[in-house]
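Asker: Build me a structure from this.
(one chain, ligands or ions: 1)
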Amino acid sequence: MQPNIGIEEKTRQDVAKGLSRLLADTYTLYLKTHGFHWNVTGPMFNNLHLMFESQYTELWNATDVIAERIRALDAFAPGSYNELGKLTSLKEATGVPNAMDMIAQLLEGNETVIRTARGLVSAAEEAQDEATLDLLTQRLQVHEKTAWMLRSLLRG
Ligand SMILES: [Fe+2]
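Answerer: The predicted structure is shown next:
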(Lines give C-alpha, C1' and ligand atoms only; values in the text may rest on other atoms or scores of the structure.)
Protein backbone atom coordinates (compact mmCIF):
# COMPACT_ATOMS: atom_id res chain seq x y z
CA MET A 1 0.00 0.00 0.00
CA GLN A 2 1.47 3.34 -1.15
CA PRO A 3 1.53 6.28 1.27
CA ASN A 4 -0.97 8.97 0.25
CA ILE A 5 0.60 11.95 2.05
CA GLY A 6 0.75 14.53 -0.72
CA ILE A 7 4.40 13.96 -1.66
CA GLU A 8 5.13 12.15 -4.93
CA GLU A 9 6.94 8.86 -4.71
CA LYS A 10 10.09 10.03 -6.49
CA THR A 11 10.32 13.12 -4.29
CA ARG A 12 9.80 10.99 -1.17
CA GLN A 13 12.58 8.65 -2.26
CA ASP A 14 14.94 11.56 -3.01
CA VAL A 15 14.36 13.13 0.41
CA ALA A 16 14.77 9.70 2.05
CA LYS A 17 18.10 9.23 0.24
CA GLY A 18 19.32 12.55 1.62
CA LEU A 19 18.14 11.55 5.08
CA SER A 20 20.05 8.26 4.74
CA ARG A 21 23.24 10.25 4.18
CA LEU A 22 22.39 12.37 7.23
CA LEU A 23 21.78 9.19 9.24
CA ALA A 24 25.13 7.75 8.11
CA ASP A 25 26.97 10.95 9.08
CA THR A 26 25.19 11.10 12.44
CA TYR A 27 25.90 7.45 13.19
CA THR A 28 29.57 7.77 12.24
CA LEU A 29 29.94 10.90 14.38
CA TYR A 30 28.16 9.09 17.23
CA LEU A 31 30.65 6.21 17.08
CA LYS A 32 33.65 8.54 16.84
CA THR A 33 32.45 10.62 19.80
CA HIS A 34 31.78 7.53 21.93
CA GLY A 35 35.24 6.16 21.10
CA PHE A 36 36.81 9.46 22.14
CA HIS A 37 34.81 9.34 25.40
CA TRP A 38 36.51 6.00 26.13
CA ASN A 39 40.02 6.89 25.04
CA VAL A 40 40.58 10.56 25.87
CA THR A 41 43.63 11.25 28.09
CA GLY A 42 45.34 14.30 29.59
CA PRO A 43 44.63 17.12 32.04
CA MET A 44 41.19 17.85 30.50
CA PHE A 45 40.15 14.20 30.92
CA ASN A 46 37.17 14.73 33.19
CA ASN A 47 35.68 17.66 31.24
CA LEU A 48 36.11 16.02 27.86
CA HIS A 49 35.00 12.56 29.02
CA LEU A 50 31.72 14.11 30.25
CA MET A 51 31.29 16.49 27.31
CA PHE A 52 31.76 13.65 24.82
CA GLU A 53 29.20 11.59 26.77
CA SER A 54 26.51 14.24 26.46
CA GLN A 55 27.33 14.64 22.75
CA TYR A 56 27.22 10.92 21.90
CA THR A 57 23.99 10.43 23.87
CA GLU A 58 22.33 13.21 21.87
CA LEU A 59 23.67 11.77 18.59
CA TRP A 60 22.48 8.27 19.46
CA ASN A 61 18.95 9.55 20.12
CA ALA A 62 19.04 11.50 16.85
CA THR A 63 19.88 8.40 14.77
CA ASP A 64 16.54 6.89 15.78
CA VAL A 65 14.56 10.02 14.91
CA ILE A 66 16.24 10.32 11.48
CA ALA A 67 15.79 6.60 10.69
CA GLU A 68 12.13 6.71 11.63
CA ARG A 69 11.57 9.78 9.42
CA ILE A 70 13.03 7.72 6.54
CA ARG A 71 10.52 4.95 7.33
CA ALA A 72 7.66 7.47 7.49
CA LEU A 73 8.59 8.40 3.91
CA ASP A 74 8.24 4.68 3.09
CA ALA A 75 11.93 4.01 2.41
CA PHE A 76 14.18 1.62 4.31
CA ALA A 77 16.83 3.00 6.65
CA PRO A 78 20.46 1.83 6.25
CA GLY A 79 21.17 -0.46 9.21
CA SER A 80 24.62 -1.97 8.75
CA TYR A 81 28.19 -0.68 9.11
CA ASN A 82 28.71 -1.52 5.46
CA GLU A 83 25.80 0.61 4.21
CA LEU A 84 26.42 3.44 6.66
CA GLY A 85 30.13 3.47 5.80
CA LYS A 86 29.35 3.85 2.10
CA LEU A 87 26.89 6.71 2.70
CA THR A 88 28.80 8.83 5.20
CA SER A 89 30.90 11.88 4.31
CA LEU A 90 32.86 11.60 7.59
CA LYS A 91 36.30 10.09 7.87
CA GLU A 92 36.60 7.28 10.40
CA ALA A 93 38.90 7.86 13.36
CA THR A 94 42.19 5.97 13.15
CA GLY A 95 44.30 5.22 16.19
CA VAL A 96 43.96 7.32 19.34
CA PRO A 97 44.46 11.04 18.71
CA ASN A 98 45.51 13.36 21.54
CA ALA A 99 42.80 15.39 23.29
CA MET A 100 43.18 18.51 21.13
CA ASP A 101 43.12 16.43 17.93
CA MET A 102 39.96 14.70 19.18
CA ILE A 103 38.32 18.10 19.60
CA ALA A 104 39.46 19.17 16.11
CA GLN A 105 38.17 15.92 14.56
CA LEU A 106 34.81 16.27 16.29
CA LEU A 107 34.55 19.88 15.11
CA GLU A 108 35.25 18.74 11.54
CA GLY A 109 32.68 15.94 11.96
CA ASN A 110 29.98 18.26 13.24
CA GLU A 111 30.65 20.71 10.42
CA THR A 112 30.39 17.86 7.91
CA VAL A 113 26.99 16.84 9.30
CA ILE A 114 25.91 20.49 9.12
CA ARG A 115 26.78 20.63 5.41
CA THR A 116 24.97 17.35 4.72
CA ALA A 117 21.84 18.55 6.55
CA ARG A 118 21.90 21.95 4.83
CA GLY A 119 22.34 20.25 1.45
CA LEU A 120 19.00 18.55 1.99
CA VAL A 121 17.02 21.69 2.88
CA SER A 122 16.11 22.76 -0.67
CA ALA A 123 14.88 19.27 -1.67
CA ALA A 124 12.69 19.09 1.45
CA GLU A 125 11.42 22.64 0.81
CA GLU A 126 10.53 21.79 -2.76
CA ALA A 127 8.64 18.72 -1.56
CA GLN A 128 6.82 20.86 1.04
CA ASP A 129 8.03 18.21 3.46
CA GLU A 130 7.63 20.27 6.63
CA ALA A 131 8.30 17.33 8.93
CA THR A 132 11.72 16.72 7.37
CA LEU A 133 12.43 20.47 7.36
CA ASP A 134 11.64 20.61 11.07
CA LEU A 135 14.01 17.70 11.70
CA LEU A 136 16.74 19.37 9.64
CA THR A 137 16.31 22.64 11.56
CA GLN A 138 16.68 20.81 14.86
CA ARG A 139 19.76 18.92 13.69
CA LEU A 140 21.35 22.11 12.35
CA GLN A 141 20.73 23.88 15.66
CA VAL A 142 22.31 21.09 17.71
CA HIS A 143 25.34 20.62 15.44
CA GLU A 144 26.00 24.34 15.04
CA LYS A 145 25.90 24.78 18.82
CA THR A 146 28.21 21.79 19.36
CA ALA A 147 30.57 23.10 16.66
CA TRP A 148 30.71 26.50 18.40
CA MET A 149 31.62 24.83 21.71
CA LEU A 150 34.32 22.65 20.16
CA ARG A 151 35.70 25.61 18.18
CA SER A 152 35.87 27.63 21.42
CA LEU A 153 38.03 24.93 23.03
CA LEU A 154 40.49 25.16 20.15
CA ARG A 155 40.83 28.94 20.48
CA GLY A 156 42.53 28.78 23.86
FE1 LIG B 1 30.98 5.94 29.71
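Asker: the strands in this protein, which residues?
Answerer: Applying DSSP state E to the chain gives no strands.
Asker: mind showing which ranges of it have poor pLDDT?
Answerer: 156 (pLDDT under 70).
Asker: and the spatially most central residue of it, how far is that from residue 134?
Answerer: In the chain, the residue lying closest to the centroid (Cα atoms, centre = their mean) is residue 26, at 2.3 Å. Here the criterion is Cβ to Cβ, to the nearest Å. By it, residue 26 lies 16 Å from residue 134. C-betas here are computed from N, CA, C, even on glycine.
Asker: I'd guessed residue 66 sits against residue 16; true?
Answerer: No. With contact defined as Cβ atoms under 8 Å, residue 66 does not reach residue 16; the gap is 10.4 Å.
Asker: before we move on, the earlier item: please give me every residue in contact with the residue nearest to the centre of the chain.
Answerer: Residue 26 makes contact with 59, 62-63, 66, 113, 139, according to Cβ atoms under 8 Å, 6 or more residues apart in numbering.
Asker: And for the closest residue to residue 12 other than its chain neighbours, the neighbour number?
Answerer: Counting by Cβ to Cβ, 6 or more residues apart in numbering, residue 73 is the residue found nearest to residue 12 once chain neighbours are left out, at 4.6 Å. The number of residues packed around residue 73, counting by other Cβ atoms under 10 Å, is 23.
Asker: Good, wrapping up.
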